[in-house]
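> The following block contains a protein sequence and its predicted model.
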Amino acid sequence: MQKILVWDWPVRLGHWLMAGGFITAWLTSESETWRLVHVVSGATVVAVALFRLPWGLIGSRYAKFVDFVRGPTAVKDYLASLLRLEPDHHAGHNPAGGWAIILLLGLAILSGLSGWAIYNDLGGEVFEELHEGLTGAMLAVVIVHLAGVVTGSLLHGENLVRAMLTGHKQGSPEEAIPSARPLAAVVLLAWIALAGWFIAS
Ligand code: HEM
């Protein structure tokens, strides 16, 4: 085992923009004064989630959905290995975390769409209720996600937060991805700018 590159640039940049966007949108959700900040940070979360869908098909090895979206048996086996305090090694996302990620991406898109409907005065209270319910559900999944990150870091003896910053985890050399794909991260930033322009216009 040695330090190897597992998270490409779009995954890492997208993650921290999504996390920052979600926290900012949450903190500004009740304020009229900070409404534009709320809308822009929410739009950032949706733009990242929408980018992540094709990146889950064409991205690097551990960004791909086929790598971490696994069936119930794989999830059960992984959870059983956690309970034995001998967690199975996964260079990318583990099978349980994989489902939290799918939920977060789905909820991000749905809550963003409902927020966009409110911003454009469509549908009245229905969308407001929906937006509140979806973002509340998202907060619950974020809390589970954070608990999973802390538990995973402790049981695997590896700082997963640092790995999401640097892109590096412990693994064997043949598990490493060959490139961090920096150009795709530039495309992600351009896409977010486009989403911001769309919201503002
Ligand atoms: C600020 C606190 C947060 C920390 C420390 C954190 C940490 C992490 C870590 C360490 C991973 C990688 C897990 C693994 O090794 O499998 C991850 C993945 C992920 N997190 Fe977070 N997270 C935070 C907040 C959030 C929030 C607020 C969201 C959503 C709104 C979020 C969404 C995701 C997603 C979608 C992934 C998968 C990344 C990908 O494959 O593109 N995280 N997070």
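Noted; the coordinates are in hand.
> And Thr28, its phi and psi?
Phi and psi for Thr28, reported as degrees, to the nearest 10, are phi -100, psi 10.
> In contact with it, which residues?
Shown in contact with Thr28 (Cβ atoms under 8 Å, 6 or more residues apart in numbering): 34-35, 37-38, 41. C-beta here means a position set from N, CA and C on the backbone, and glycine is covered the same way.
> cool, and Leu160?
149, 152-153, 169.
> hmm, 7 Å instead?
Leu160 makes contact with 149, 152-153, according to Cβ atoms under 7 Å, 6 or more residues apart in numbering.
> Spell out which residues of this protein are next to the ligand.
11, 14-15, 18-19, 22, 52, 63, 93, 97, 101, 104-105, 142, 145-146, 149, 160-161, 164 (Cβ under 6 Å from any ligand atom).
> of those residues, buried ones?
Buried by 16 or more other Cβ atoms under 10 Å: 11, 14-15, 18-19, 22, 52, 63, 93, 97, 101, 104-105, 142, 145, 149, 160, 164, out of the residues of the chain next to the ligand.
> if we can go back for a sec, and which of the contacts of Leu160 is nearest Ile118?
The shortest approach to Ile118 among the contacts of Leu160 belongs to Val149, at 30.9 Å (Cβ to Cβ).
> And the helices in this protein, which stretches?
Along the chain, counting by DSSP state H, helices occupy 9-27, 35-58, 65-68, 72-83, 95-119, 125-156, 160-166, 182-200.
> show me where pLDDT drops low in this protein?
Nowhere does the chain drop to pLDDT under 70.
> and the residue of it most remote from its centre, how far is that from Glu158?
Most distant from the centre of the chain: Gly124, at 29.1 Å, with distances by Cα atoms, centre = their mean. Between Gly124 and Glu158 the computed distance is 48 Å (Cβ to Cβ, to the nearest Å).
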